[in-house]
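> how would this look folded up:
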Amino acid sequence: MEPKTTDAPAAPTPAQPAAPAAPVSTAPLRIDKWLWAARIFKTRSIAAEACEGGHVRVSDQAVKPAKLVRGGDWIEVRREGWSQILEVVGVSDLRGPAAIAQKLYRDHSPPRPVRPEPVALREAGAGRPTKRDRRELDRLKEYLR
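Down below sits the predicted model:
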């Protein structure tokens, strides 16, 4: 017996749309949550501490973690020796993949400064410095400042 064949075309299968990892909206969101979702800080509590410490500014004003941000705001995050300047493009309260997080902002930061050379190097396997070695290293660092 041969299988039955039909001349009717096969019905197209509906395409499965990929679920967005982090939906982007226009509603305002707390800055600590936005900084976390945009992957500027590893945790939300670190983002809140940075806000409390005065390291985060929105439109040249220091902000608290509860400050609401929306599209079009400019954020400056001060780091060790440089500032990260971001323009908010989208808002998301979910932390998604890095590719999605980078779509939440435009980076207008200057290039990072080059890290200075270490003042003094110890030989590998030399062990822990003695008290005398440590004091000499501290004197050298103070002298070079």
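> Every contact and neighbour count from this point should use C-alpha atoms.
Will do.
> Look up how far A98 lies from the most centrally placed residue in the chain.
For the chain, the residue nearest the mean C-alpha position is I40 (1.8 Å; Cα atoms, centre = their mean). Per Cα to Cα, to the nearest Å, I40 is found 10 Å from A98.
> any idea where the helices of the protein begin and end?
31-37, 44-52, 98-101, 131-144 (DSSP state H).
> In this protein, where is pLDDT below threshold?
1-24, 119 (pLDDT under 70).
> who does the nearest residue to D73 once chain neighbours are set aside bridge with?
Closest residue to D73 apart from its sequence neighbours, by Cα to Cα, 6 or more residues apart in numbering: V88 at 5.4 Å. When bridges are called by DSSP bridges, V88 pairs up with Y105.
> how about R106, what does it touch?
L86, E87, V88, V89 (Cα atoms under 8 Å, 6 or more residues apart in numbering).
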